[in-house]
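Peer 1: can't give you the sequence, but here's the structure:
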């Protein structure tokens, strides 16, 4: 309840409109009740007495009331649209802003689908309740009370009957709504599973075709589809029972009202006009009474939704910037006794890492898969924070710098490049929205990404999921161009060239050399050719920098380094069960031999 | 809130893309194309009898429902006077009994209707799902490459959902509303012609008003869908790409874009809510005016004794249920609209014919040996660009052939022709002397397997994924296959061994491990011809070494075509084909080609340079504007 109450503060800018909404709503109810009473007056008065003159003003009154009621509904709905949509939009904006401030440790733990359901489904649930549910809850309660009181006044046995018939309806609709939500979720989950099968069958169509397993995949899909069918049928039966119940109760009540009412009229305890008004008013209650259950269940839903939204909003970003500045940054990078441990992990990924990269120097980081190379580079722009030790730039702890300053000093080209469904230009200029055409062109040149000019609309072509699809190598080159374009003091290349073919890789490296002359560079590499971009190499072993030196020194002196970097031939592997069946004529390929 | 300029700004950063081909023009929903109508008729055919029964049930249900206010009238008009005259409540009791019976009948038929309609609807959805899925599986790869997996997914999810939504809520409401409307109109006229005419007088106004609303709301609805789709795409992309966003300080720009999209969505939402804000009270106004008119005219007639109080009451009760269904029908208009569009798209898909067709009378291929022959094969893309101008090639059974050449040289096309992902434009591809087009799908897939560079892993355990190569294989055979390609080591080191779940699309395994699982799968399938689109670029050196070793095992005793990206592969090949512009420009054992100082020798030298740590020497000879396509 607390979380939901808090969301209400988003309605504050609309307090004037809300007052108007409440006023028109209450008046609307009163009018809704008044119209049948005018009808009663007509039957009991002019009709009973045969007084034609009194009929006209009463009919005019009914007309005026009817017009005003419609007008008030219009005003209420019109104003409500502004307020509730405004509320939803404001919360969504705030959520997005907050999510952007939360660190990678948060984003690593949450799937984007979970976050998406919070900004869409949960927000609409909250909107529906705060916008309609809460209003109707109050209105309906008032309406039911008022009409029931009125019915009691007109003829109390009938009033009692109507009030009594409301109880089972409210109880059953609440219970139904809960069951319905549960089974709807189940259907949704099963449909989600089915969607996964569809996604995989579409994505893996080549594999399926290659092995001729269409039949097998169809069976898997069919199982899932039948499951959805069965659960959906359960849902159908549940709602069929419920909606029938919802209609049968008022109909039965109406029959009983007729019986008791007619008996009462027959014995002159009730006027004919009263009986007419009574039946009309009673039927007016059918919808509010059955909605009451829904709205109560909706309130519970909204509370859960608000809790889920608050869960995100209440997560404090644990990576926040400092206030110190570097006057003239040179890009002198040092890792000083750095340790990093993922939250909840027993063993640190990195421990006691000492490494210095001087301005203008480039250091390659080499290590086996999973040795923490990427984690090490992510500590510099504080995508993660060290758990012990510190990382400094020009002697300043990176945690003392404002985040925007720090992240403009460091740019990373990631191995798995992220492209957004936007234009090529927007993608490249992510780090520098103000980049000029010349600068963009130069970055494209360095990354050998000239292919963008061949796209249908050049730099304006939309790429990413919703646009042109690009190959892995093309994507990597764009990521590289993006990093180069932001003109960092420290450029991190996280195995950026892995998807390029040999020829392009050579051209890119050639151009990168020029860029790296003016920047401090860290290059994560698993190929000798990439290592050669660097002045020195740091070898990561068991989570720490075990050796630092020049490439050929490490090649000669460190067997682990050799194992990681010499070309993929078994013969090089010192402790390998070497394949003796290697053809003689392949000796010429022995890279180690070539070096010796 | 200038909607236009915001939209303009939006397009700016989004960039330009080809128009979404799936958009179906407006005004299709009720006038479906032939193919959609045929599909619909086809889907409904098995339910003909039940639909007839359904119609009967719903008519009874509505009659019972409409009878109740009528009975109230009879009760008031004919039940009360006898009591006043001291004749006892006999008539009244009969009327009340009838009303109770009507209520019970209405309930029973209503429940029967809802359940039956639900069963038919769900049955149709199940059948549609199965049909479309099976059809997608049957369609050729050339179709899938053009159509993209995203669109396949939306056909089978959101489009089916739209139809399902219509069948679940829209259909029921429409039928009920139409019957109520018609039944009520008739009853009003029967009760009293004059008063009935007065009550029905505003109906044309109401219909016009509803039509206006329907048009407006379908525009508003479309706009809401468009804007929310943009919000979702941008949100999901910025969340999944948060690392890049934060590393490049894209937060502010992103917030700008998001707020703008969010505001567009808000405007679209407000517009659609305001439309309802006008429509709902509009209907109410028409209803209220009618009630006032009925009260006035009915009162007038009552004074003259031409109508009774009971009739007046019945009118007020009927009018209440007369105008409300109108609101509902309009609400469901959008549901019908999108279901119609979805049906159009689905029937379009079902109309596609597979480009690679099954033979009428498949040739027998008992024990494939794996001799391949290309006999004057030509192939060009749909747009006419030739990929293979003319190719003649024979590969003896058991030979390992490496295909080398720049991107676009035709290596992959050659491989896909052997796997019959496509058929050649001219000439024949023969396996053991049999044209591939004469082989049944099953026989072909038993003989030829292509392992792509995608190494697609399906949700499930590692064992499930290996078993994909031969679904009947037992645990021992799975382990044997893994052992053969050198995957047993890492698999048994995992916490659950072969039962380890691979996670979404193999996310929990490294690239090298995924490749080994894919190899084990191919090994288990044991084809006579194996085609490997070798892609070791994303592997580190130890990983590549593992894969190289595995390749040697799985190539033993079969014909193999390997698309070699890194030249380390040629060491295991018996023969190298260098391709350029769809032609084979060099052909021979690797050692001989290296000695001959041709293109391959140049490539080979460049490759040696790249791995021998001297840094890249001169640019390799075989280089044609790399990476451009």
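Peer 2: Perfect, I can see it now. Nothing here was measured: the structure is a model prediction, and the numbers come from that model.
Peer 1: Can you tell me, leaving aside adjacent residues, what's nearest to residue B:189?
Peer 2: residue B:196 (3.9 Å; CB to CB, 6 or more residues apart in numbering or on different chains). For the C-beta atoms, the positions are set from N, CA and C on the backbone; glycine is no exception.
Peer 1: elements contacting the longest helix along chain A?
Peer 2: Using DSSP state H to define each element, chain A has its longest helix at helix A:214-266. When contacts are defined as 3 or more CB pairs under 8 Å, 6 or more residues apart in numbering or on different chains; DSSP states H and E, helix A:214-266 packs onto helix A:156-203, helix A:272-313, helix B:48-74, helix B:80-84, helix B:90-138.
Peer 1: how about the ones you listed, which one is nearest residue A:516?
Peer 2: Closest to residue A:516 of those, according to CB to CB: helix A:156-203, at 37.4 Å.
Peer 1: after that closest one, next one along is what?
Peer 2: Next in sequence after helix A:156-203, counting helices and strands by DSSP states H and E, comes helix A:205-211.
Peer 1: Which strand or helix spans the spatially most central residue of chain A?
Peer 2: Nearest to the mean C-alpha position of chain A, counting by CA atoms, centre = their mean, stands residue A:116 at 2.0 Å. Assigned by DSSP H and E, residue A:116 falls within helix A:112-117.
Peer 1: quick one, domains of the chain?
Peer 2: Because you didn't say which chain, this covers chain A. A:1-155+A:294-316, A:157-269, A:333-557 (automatic domain parsing).
Peer 1: sorry, should have said chain B
Peer 2: B:32-192+B:327-355, B:203-306, B:372-610.
Peer 1: one step back: now render the helices and strands packed on helix A:214-266 as a markdown table, adding distance to residue B:278 and mean pLDDT.
Peer 2: Listed next are those as a markdown table, based on distance: least, CB to CB, whole Å; pLDDT from 0 to 100:
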| stretch | distance to residue B:278 | mean pLDDT |
| --- | --- | --- |
| helix A:156-203 | 30 | 84 |
| helix A:272-313 | 21 | 82 |
| helix B:48-74 | 30 | 89 |
| helix B:80-84 | 43 | 83 |
| helix B:90-138 | 32 | 92 |
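Peer 1: can you redo those as CSV with mean neighbour count?
Peer 2: Shown next, in CSV, are the helices and strands packed on helix A:214-266 (neighbours: other CB atoms under 10 Å in any protein chain shown):
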stretch, mean neighbour count
helix A:156-203, 17
helix A:272-313, 21
helix B:48-74, 19
helix B:80-84, 16
helix B:90-138, 20
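Peer 1: nearest to residue A:67, of those helices?
Peer 2: Nearest to residue A:67, of those and by CB to CB, is helix A:272-313 at 18.5 Å.
Peer 1: which other helices and strands contact the closest one?
Peer 2: On the basis of 3+ CB pairs under 8 Å, 6+ apart, helix A:272-313 makes packing contacts with helix A:2-7, helix A:15-42, helix A:52-101, helix A:123-128, helix A:134-154, helix A:156-203, helix A:214-266, helix B:309-331.
Peer 1: Give me the contact status of stretch B:64-79 with chain A.
Peer 2: Yes. Judged by CB under 8 Å from any CB of the partner chain, stretch B:64-79 and chain A are in contact via B:65, B:68, B:71, B:72, B:75, B:76, B:79.
Peer 1: What angle do helix B:90-138 and the longest helix of chain A make with each other?
Peer 2: 170 degrees (axes from the mean of the first three to the mean of the last three CA atoms, to 10 degrees).
Peer 1: Who does the strand or helix carrying residue B:394 pair with, and is each partner parallel or antiparallel?
Peer 2: If you go by DSSP H and E, residue B:394 is part of strand B:386-395. Paired strands of strand B:386-395, with direction, are strand B:372-380 (antiparallel) (DSSP bridges).
Peer 1: so how far is the partner strand off the chain centroid?
Peer 2: Here strand B:372-380 shows a centroid-to-chain-centroid distance of 35 Å under the convention CA atoms, centre = their mean, to the nearest Å.
Peer 1: cool, stretch B:545-557 as well?
Peer 2: With CA atoms, centre = their mean, you get 38 Å for stretch B:545-557.
Peer 1: Any buried residues in that stretch, and which?
Peer 2: By neighbour count on 16 or more other CB atoms under 10 Å in any protein chain shown, the buried set for stretch B:545-557 is B:545, B:546, B:547, B:548, B:549, B:550, B:551, B:552, B:554, B:555.
Peer 1: and that stretch, what's its mean pLDDT?
Peer 2: Averaged across stretch B:545-557, the pLDDT comes to 80.
Peer 1: same check, this time on stretch A:30-44
Peer 2: 85.
Peer 1: Phi, psi for the residue nearest to residue B:189 please.
Peer 2: phi -60, psi -40 (degrees, to the nearest 10).
Peer 1: quick one: contacts for it?
Peer 2: The contact partners of residue B:196, by CB atoms under 8 Å, 6 or more residues apart in numbering or on different chains, come to B:185, B:188, B:189, B:190.
Peer 1: And it, how far from residue A:201?
Peer 2: 58 Å (CB to CB, to the nearest Å).
Peer 1: Also residue B:309?
Peer 2: Distance from residue B:309 to residue A:201, by CB to CB: 67 Å.
Peer 1: can you check residue A:156 too?
Peer 2: Residue A:156 is 66 Å from residue A:201, by CB to CB.
Peer 1: ok, the residue in the stretch 351-500 of chain A that chain B sits nearest to - how many residues close by?
Peer 2: Proximity of the stretch 351-500 of chain A to chain B (CB to the nearest CB) peaks at residue A:423, 2.8 Å away. Counted by other CB atoms under 10 Å in any protein chain shown, the residues lying close to residue A:423 total 26.
Peer 1: Quick check: the gap between the closest residue to it other than its chain neighbours and residue A:426.
Peer 2: With sequence-adjacent residues excluded and distances taken as CB to CB, 6+ apart, residue A:423 is closest to residue B:15, at 2.8 Å. According to CB to CB, residue B:15 stands 7 Å off from residue A:426.
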